[in-house]
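Novice: Quick one: sequence and predicted model below, then my questions.
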Amino acid sequence: MSNEFIPAVTPPDPHPEDALAFAFKKDQLLTRLQDEQAQIPTLGELAGLTDADQHYLGVCPQHGHCYALELTEETEAPTGLAFHGLRDIAPKLGPTLFGIGGRAVQIVAWGQTHRYCGRCGTENVHAENERAQTCPSCGLMCFPRLSPAIIVRIERGDQILLARNHRFPTGLYSVLAGFVEPGETLEECVVREVREEVGIDVEDIRYFASQPWPFPNSLMLGFTARHKSGEIEVDNNELAEADWYRPNELPNLPLPLSIARRLIDDYLKKHGVL
Ligand SMILES: [Zn+2]
C-alpha cells in the first residue's frame, strides 16, 4: 500500500472514535510523550472537549482517519497529555506524524483567522465538499493560504555557501531562503534573494524538491545553483554571516527533517562525506 496521505474534506459518518485528533491550542499540539516518542490522542479520548471546532483531514495509510481540532485558549490538557510546539517535538513524532501535524496546524490557524466573512462580517460556515469557509450571507469563499518560499543550495567548485541568520540559534548555519514576491517566477526569486542576501550572481538553477513548512504557512521550493560571479557581501539586515565551506569542514547544520538539511546532505553524498 502506498505510504501517501490521502486528503479529504468529508468525514466518515459517524466520526470514528479511534481516529487521530491533532488538537491545537494556538500553535501548541496536544500530545502524550512516552519514552522517546510523541503520541497523538484519538478523537474518543478527546470527546470531553466539546467546544472544539473540528476539520476532517483525510486518511493516513499507517494511522487511519485524521482530524484537526481547534481548542479554545481556556482548554486544559487532559490527564497524561500536554501541549508542545510542533517543531520542538518533530524528532519524537517522526516524519509521518510531523507531516500530518503540519497540515493540521495550518488548517487550524486558517480556521481561527477566518471565522467571519472578510467582506460583510457574517460568521462563516465550513463548505461541505471542499476545504473552504463560506459566508452564508454574501457567498464569499476563502481557502487556506500558502506562502511559497525558495530555498537554494549554492556551490562554487567543491564548496557550499552557508549562512547564519540573525534569528537562528547561535552556531547554526544553513542554505539561503526567502519568500516569493507577487509577479515573480521561482527562478527570478532565487536570483533576487541570493543577490540581496549575499551579493553574488548564480546560474544553472535546478529544481530539487519541495516541502510544506507550516511555520506558519510556507511551501518551501528547493533549488540548487552554481556561483556565476561576485564575492560574498553579507546583507546585515538578514544575515549575521555567510561563507564558502568545504564538505569536511561544515559548521552546525539544521534539523534532519528539514529540506535545508536534505539539500546539504545531498551535497555531502556527492562529495563522498555521507
Ligand atoms: Zn459575507
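Specialist: Looks like it came in fine.

Novice: From now on I want contacts and neighbour counts done on CA atoms only, so please keep to that.
Specialist: Noted.

Novice: Tell me the residues of the stretch 101-250 of the chain that contact the ion?
Specialist: C117, C120, C135, C138 (CA under 5 Å from the ion).

Novice: now what about stretch 100-112, what contacts it?
Specialist: 22, 24, 26-27, 55, 57, 67-70, 86, 144-145, 212-214, 216-217 (CA atoms under 8 Å, 6 or more residues apart in numbering).

Novice: Please indicate which of those are buried?
Specialist: Buried members of the contacts of stretch 100-112, scored by 16 or more other CA atoms under 10 Å, are 22, 24, 27, 55, 57, 67-70, 86, 212-214, 217.

Novice: Run the chain-centre distance for the longest helix along the chain.
Specialist: Counting by DSSP state H, the longest helix found in the chain is helix 90-113. Offset of helix 90-113 from its chain centre (CA atoms, centre = their mean, to the nearest Å): 8 Å.

Novice: Repeat that for stretch 135-153.
Specialist: The answer for stretch 135-153 is 15 Å, by CA atoms, centre = their mean.

Novice: Return the residues in contact with L257.
Specialist: Applying CA under 8 Å, 6+ apart, we find L257 in contact with A90, P91, P95.

Novice: Return the distance of T50 relative to the ion.
Specialist: 27 Å (CA to the ion, to the nearest Å).

Novice: got it, and R145?
Specialist: Per CA to the ion, R145 is found 18 Å from the ion.

Novice: Do you know the pLDDT at the residue sitting furthest away from the middle of the chain?
Specialist: In the chain, the residue that sits farthest from the middle, by CA atoms, centre = their mean, is S137; the gap is 33.4 Å. Turning to S137, the model gives it a pLDDT of 97.

Novice: so where does T31 fall, helix or strand?
Specialist: Using DSSP states H and E, the element containing T31 is strand 28-34.
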